[in-house]
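the following block contains a protein sequence and its predicted model.
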Amino acid sequence: MAKSKVLIVGGTGYIGRRLVWASLDQGHPTYVLPETGLDIEKLQTLLSFKRRGAHLIEGSFSDPRSLVEEVRQVDVIICAMSGVYFRSHNFLMQLKLIEAVKEAGNVKRFLPSEFGTNPARMGHAIEPGRVTFDEKMKVRKAIEEAKIPFTYISTSCFASYFVGSLSRLSSLTPPKDTVYLYGDGNIKAVFLDEDDIATYTIKTIDDPRTLNKTVYLRPPENILSQRQLVGMWEKLSGRTLEKRSISAEDFLASVKGMDYAQQVGMGHFYYVFYEGCLTNFEIGEDGEEASQLYPEVQYTRMDEYQKIYA
């Protein structure tokens, strides 16, 4: 069966560029919507895609007609646009793309920009952290009202941000002496190498089992608590760390003095490490788990991942 033609929006971003490489690696004709401005690094990234065989298209969010024409060239669209706390309401820019998809009428799968906690499970979230959940739900509502076939990707803590640092907020590398635990440090989260996130995502796009479902990226060996991450690092490094606890109340109090963007990000952090929002539920009939669907993917275990920091 022929591989679907894939358009990746936000392809020069942190997850987006990995999606482009994964799409090319899995043999899909791959299209990228370039929005570089005068950013030389983004331009160099796009040119590296082109050398690998990706197609750089000419559509633009500022020109709806051009978007429609470009959408008509592809079968699948994956968005990897950054959210409101990084840029101004980028999630809602997808509404323009949804309008183009409706008019084009040919897209067989749409994957909106999510790659985090399932927003449908976060109706209880407090401001300002809930703003991105609300925006993602507006995008979902538009997709479903337009009867566009979809797959929603609910992923995990990005390993490069959370594993080397032992989930500390002040660094991206392991501590030397002291580590702060969120609560008792025993709440389970999910940690995944970003390249594995991209690999699993591309696997879903031609799979009838994932049509109109949420796919959770929860490989069992990477469901770990912060305390387990710390223990793995202590075993690897041969160094015992002093452990201090931060209560939920103290954590939330510390957030109040931050700027808006930081408060949004810290709100998400709270739900992961104090409530366990990535793991505190069973996947129902409207969802699938990626490592069960694709056991052939040799995902990176976090004890192996930590070795790059040793």
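All right, it came through fine.

any regions of the chain where pLDDT drops low?
For the chain, applying pLDDT under 70 flags the ranges 36-37, 83-89.

okay, which residue is most central for it?
residue 115 (2.4 Å; Cα atoms, centre = their mean).

show me what contacts that one?
For residue 115, the contacting residues are 15, 80, 153, 155, 197, 201, taking Cβ atoms under 8 Å, 6 or more residues apart in numbering as the criterion. (C-beta placed from N, C-alpha, C; glycine too.)

quick one: the nearest residue to the fourth one once chain neighbours are set aside from residue 92, how far?
When you say that, I think you mean residue 155. In this structure, residue 155 finds its nearest non-sequential neighbour in residue 217, 4.4 Å apart by Cβ to Cβ, 6 or more residues apart in numbering. Here residue 217 is placed at a distance of 24 Å from residue 92 (Cβ to Cβ, to the nearest Å).

of these two, who's got more company?
residue 217 (23 against 16; other Cβ atoms under 10 Å).

from residue 191, how far out is that one?
The separation that residue 217 has from residue 191, given Cβ to Cβ, amounts to 10 Å.

could you do residue 111 as well?
As defined by Cβ to Cβ, residue 111 lies at a distance of 22 Å from residue 191.

same question, residue 285
For residue 285, the distance to residue 191 (Cβ to Cβ) stands at 26 Å.

so which of those two has more stuff around it?
residue 191 (24 against 6).

can you pull out the strands in the stretch 1-150 of the chain?
6-9, 30-33, 55-56, 76-79, 109-111 (DSSP state E, counting those that start in this stretch).

in JSON lines, list those strands along with distance to residue 306 and mean neighbour count.
Formatted as JSON lines, the entries for those read as follows, by distance: least, Cβ to Cβ, whole Å; neighbours: other Cβ atoms under 10 Å:
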{"stretch": "strand 6-9", "distance to residue 306": "30", "mean neighbour count": "28"}
{"stretch": "strand 30-33", "distance to residue 306": "32", "mean neighbour count": "25"}
{"stretch": "strand 55-56", "distance to residue 306": "37", "mean neighbour count": "14"}
{"stretch": "strand 76-79", "distance to residue 306": "29", "mean neighbour count": "27"}
{"stretch": "strand 109-111", "distance to residue 306": "30", "mean neighbour count": "24"}
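
can you list the ones you listed in JSON lines and add distance to residue 237?
Formatted as JSON lines, the strands of the stretch 1-150 of the chain follow (distance: least, Cβ to Cβ, whole Å):
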{"stretch": "strand 6-9", "distance to residue 237": "38"}
{"stretch": "strand 30-33", "distance to residue 237": "40"}
{"stretch": "strand 55-56", "distance to residue 237": "44"}
{"stretch": "strand 76-79", "distance to residue 237": "38"}
{"stretch": "strand 109-111", "distance to residue 237": "38"}
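
thanks again, I'm all set now.
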